[in-house]
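S.K.: okay, predicted coordinates and the sequence, questions at the end:
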2 protein chains.
Amino acid sequence: MKEEAPELYLENQLCFPLYAASRLTTKIYAPYLEELGITYPQYLVMLTLWQHGHQHVKEIGERLYLESNTLTPLLKRLEQKKLIRRVRSKTDERSVMISLTRAGDALKDEAKEIPGRIVESFNDSSINEQELSRFQRTLFKLLVILNKED
Amino acid sequence: MKEEAPELYLENQLCFPLYAASRLTTKIYAPYLEELGITYPQYLVMLTLWQHGHQHVKEIGERLYLESNTLTPLLKRLEQKKLIRRVRSKTDERSVMISLTRAGDALKDEAKEIPGRIVESFNDSSINEQELSRFQRTLFKLLVILNKED
DNA sequence: ATTGATTTAATCGTGCGCGATGTAAATATA
DNA sequence: TATATTTACATCGCGCACGATTAAATCAAT
């Protein structure tokens, strides 16, 4: 094989490991989320609702870096599952308020188990807690930068 | 708002920043890749071909952590763009060999510009090179672990 | 040589992501 | 007040991801 262009090697890119790690992480969550009957992006929406309560589509989008073309159909699916309500605001009819149903709120108690079970699966791995937390800090810094980029 | 269940806060999760950073990174690449006429996952396939030469679908999948249900249609699109060839192996008719066309190989020279232009966009950001390389190392470690998980 | 298991791609259905565009409401401006 | 601009969400089309399944080729073990 030619030895040129090492700047194009997979190992030398930042983009690829991020992409792969994100997908593999999602896969780790999948079996737990299946118990809750929701997908990973739906789980993220539920997280913001559990944490911050009812909010407009706009706000959810800002927190998750998603726009209406992704959120609208996703939210409709959550509505079909009776986990959330979508109500168009009376005061500003452009915006739609998303709130938890009783079932949606109750799901939180089941979801609470998940983070712990995930962390467990990292025990006896070659990454210790300090490295993981440093990693997470850089990740959030990166997020801020990436978000400024365009 | 209720203050319970901080383990469910977005900020305390590893999964979310990975997911968001991956998507935002892909977005940074998008305009450069549009010049090449390919998408980001297609770019990853091209990277493996430029680096390792012709290989079976299986091998590409192992490198990118993707399976045939994703790769087959993607590779057909690259074939339509005349960047690769798909030839079923004579010696083992189960497997399909993917190789670069002349145009596919030539595209590498244009692609070479991209990593540099991406890195530039990180200059005068709050992340220095050391932090970035440490981050990348942890990322690959994480990748190995995540891959063992199931 | 025959049977059974494994391997490699392909196919199908569902759910994202996201660029582009549309629509109606709200707000700013003349 | 009339008009222009902005905002919030919805719609459409395309390309992934991925679980589940299928089909064909190969391998393993009798």
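M.R.: Good, I have the coordinates.
S.K.: from here on, just use CA atoms for contacts and neighbour counts.
M.R.: OK.
S.K.: check the secondary structure at whichever residue of chain A sits closest to DNA strand C for me.
M.R.: Taking C-alpha to the nearest atom of the strand, DNA strand C has its nearest neighbour within chain A at A:Asp92, 3.6 Å off. Here A:Asp92 is recorded as coil under DSSP: H, G, I helix; E, B strand; the rest coil.
S.K.: dihedrals phi and psi, it?
M.R.: When quoted as degrees, to the nearest 10, the phi and psi of A:Asp92 stand at phi -140, psi 100.
S.K.: what's the neighbour count on it?
M.R.: Neighbours of A:Asp92 under the rule other C-alpha atoms under 10 Å in any protein chain shown: 8.
S.K.: that one and chain B: what is the separation?
M.R.: Between A:Asp92 and chain B the computed distance is 23 Å (C-alpha to the nearest C-alpha, to the nearest Å).
S.K.: same check, this time on A:Lys112
M.R.: As judged by C-alpha to the nearest C-alpha, A:Lys112 and chain B stand 7 Å apart.
S.K.: then A:Leu71?
M.R.: 15 Å.
S.K.: mind telling me what element the closest residue to A:Met46 other than its chain neighbours is part of?
M.R.: In space, and not counting its chain neighbours, A:Met46 is closest to A:Gly104: 7.8 Å by C-alpha to C-alpha, 6 or more residues apart in numbering or on different chains. Assigned by DSSP states H and E, A:Gly104 belongs to helix A:102-111.
S.K.: where does chain A have low pLDDT?
M.R.: A:1-3, A:124-125, A:149-150 (pLDDT under 70).
S.K.: which residues of it fall in strands?
M.R.: Taking DSSP state E, the strands of chain A run over residues A:55-56, A:84-88, A:96-100.
S.K.: nearest to A:Thr26, out of those strands?
M.R.: strand A:84-88 (22.4 Å; C-alpha to C-alpha).
S.K.: does the closest one come close to DNA strand C?
M.R.: No. Strand A:84-88 stays clear of DNA strand C (C-alpha under 7 Å from any atom of the strand), getting no nearer than 9.9 Å.
S.K.: ditto for stretch A:131-146
M.R.: No. For stretch A:131-146 and DNA strand C, the contact criterion (C-alpha under 7 Å from any atom of the strand) is not met; the two come no nearer than 11.6 Å.
S.K.: distance between that stretch and the chain's centre?
M.R.: How far stretch A:131-146 lies from its chain's middle: 15 Å, per C-alpha atoms, centre = their mean, to the nearest Å.
S.K.: hmm, who's touching stretch A:123-139?
M.R.: Stretch A:123-139 is contacted by residues B:Leu14, B:Pro17, B:Leu18, B:Ala21, B:Glu131, B:Phe135, B:Thr138, B:Lys141, B:Leu142, B:Ile145 when judged by C-alpha atoms under 8 Å, 6 or more residues apart in numbering or on different chains.
S.K.: quickly note the distance from the nearest residue to A:Glu67 once chain neighbours are set aside to DNA strand D.
M.R.: Take A:Glu67 and drop its neighbours on the chain: the residue closest to it by C-alpha to C-alpha, 6+ apart is A:Gly61, 5.4 Å away. Using C-alpha to the nearest atom of the strand, to the nearest Å, A:Gly61 is found at 8 Å from DNA strand D.
S.K.: pairing partners for the closest residue to A:Arg94 other than its chain neighbours in the sheet, please.
M.R.: Closest residue in space to A:Arg94, ignoring its immediate chain neighbours: A:Arg88 at 7.4 Å, by C-alpha to C-alpha, 6+ apart. Here A:Arg88 sits in beta bridges with A:Val96, going by DSSP bridges.
S.K.: wait, what's in contact with A:Arg88?
M.R.: A:Arg94, A:Ser95, A:Val96, A:Met97.
S.K.: look up the closest residue to the last one, ignoring the ones flanking it.
M.R.: On the basis of C-alpha to C-alpha, 6+ apart, the spatially nearest residue to A:Met97 that is not a chain neighbour turns out to be A:His56, at 4.4 Å.
S.K.: thank you, goodbye.
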